[in-house]
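In: Could you work out the structure for the sequence below:
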Amino acid sequence: MAATQPSLWDLEKPRKVPVSITVEAKKKKKMVRGKTQMKRIENATSRQVTFSKRRSGLLKKAFELSVLCDAEVALIVFSPKGKLYEFSSSSPSKTIERYETNSKNMGVHKRTVEQNIQHFKEEIATMSRNVDLLENTKRKLLGEGLESCSTDELQQIEDQLEQSLSNIRARKNFIYKERITKLKEEEETLRRQNADLRKRLEVKSLTLSTVQQDIDPQQKIMEVETQLFIGPPERSPH
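Out: Numbers count the residues shown, from 1 in each chain. So this is what the prediction gives:
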């Protein structure tokens, strides 16, 4: 039998692609390269290819950083075989010299900071010991924690207490004397004020007596005869 020729209708119909092939192609498109593990590449060829690619990218990034940000950048890379690759936005020697100067200054500053920290630590430790000593002395002066004290220490504490009592009594006597002196001054002020008032009163009494003596006797009689009469009026005789 002769093979049948495809008709025009068959040629115009879309060809069907197997489903398995289509899914496999989509999977390949969606495949993403996994994260590179940070460890030494064992294969020498792969290691060299990776070095070349990463070196080029690193040099490019250094150039972009210097141009875009106006930064001074110096990059030095040695290959596994010892070949030098470098990039510098100005001069490698000047950048290295600047780095060394800055590192030296940072080292001096760091040493200064460390010395200051050590000094502060020592001061804190000394102050802590002094505080503990003062607290211990205070407790002993209050009569606490005397079990571990020797006879000499107890005698020393007693002498300190006696000296403290003597200072307290002296201060109290001084305050009393100041109060007595102030009260005496106030008393003297009141005495002077009282004497002044007494003199003013005597002057006023003398003035009043003199005025009474100068009054006219006739005026006194008139004042005596002029009296107020209360009652019905008297009838006149016919």
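In: Off-centre distance for stretch 194-212?
Out: Centroid displacement of stretch 194-212 relative to its chain, using CA atoms, centre = their mean, to the nearest Å, is 73 Å.
In: which intervals of this protein have sub-threshold pLDDT?
Out: Filtered on pLDDT under 70, the chain yields the residue ranges 1-34, 212-238.
In: can you give me the helices for it?
Out: 8-12, 19-30, 44-69, 92-141, 151-213, 217-225 (DSSP state H).
In: what are the C-alpha coordinates of stretch 67-81, in PDB please?
Out: In PDB, the C-alpha atoms belonging to stretch 67-81 read as follows (Å, rounded to 0.1, in the frame of the first residue of the first chain):
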ATOM      1  CA  VAL A  67      35.300  57.000  41.100                       C
ATOM      2  CA  LEU A  68      31.800  57.100  42.500                       C
ATOM      3  CA  CYS A  69      32.700  58.000  46.100                       C
ATOM      4  CA  ASP A  70      36.000  59.900  45.500                       C
ATOM      5  CA  ALA A  71      37.700  57.500  47.900                       C
ATOM      6  CA  GLU A  72      41.300  56.600  48.100                       C
ATOM      7  CA  VAL A  73      41.400  52.900  47.400                       C
ATOM      8  CA  ALA A  74      44.400  50.500  47.200                       C
ATOM      9  CA  LEU A  75      44.000  46.800  46.400                       C
ATOM     10  CA  ILE A  76      46.800  44.200  46.400                       C
ATOM     11  CA  VAL A  77      46.100  40.600  45.400                       C
ATOM     12  CA  PHE A  78      48.600  37.700  45.100                       C
ATOM     13  CA  SER A  79      47.600  34.700  43.100                       C
ATOM     14  CA  PRO A  80      48.300  31.200  44.400                       C
ATOM     15  CA  LYS A  81      51.400  31.100  42.300                       C
END
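In: thinking again about what came up before, can you list the helices of the chain in TSV and add distance to Tyr85 and mean neighbour count?
Out: Placement of C-beta: from N, CA and C, glycine included. Shown next, in TSV, are the helices of the chain (distance: least, CB to CB, whole Å; neighbours: other CB atoms under 10 Å):
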stretch	distance to Tyr85	mean neighbour count
helix 8-12	61	7
helix 19-30	36	9
helix 44-69	6	12
helix 92-141	12	11
helix 151-213	77	10
helix 217-225	140	9
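In: and Gly82, which of those is closest to it?
Out: Among those, the nearest to Gly82 by CB to CB is helix 44-69 (12.8 Å).
In: Packing partners of that closest one?
Out: Helices and strands touching helix 44-69, by 3 or more CB pairs under 8 Å, 6 or more residues apart in numbering; DSSP states H and E, are strand 74-78, strand 84-88.
In: Would you format the helices of the chain as CSV with distance to Thr36 included?
Out: Shown next, in CSV, are those (distance: least, CB to CB, whole Å):
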stretch, distance to Thr36
helix 8-12, 50
helix 19-30, 19
helix 44-69, 9
helix 92-141, 30
helix 151-213, 74
helix 217-225, 137
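In: isn't Arg47 right up against Ile41?
Out: Yes - between Arg47 and Ile41 there is a contact at 4.1 Å, judged by CB atoms under 8 Å.
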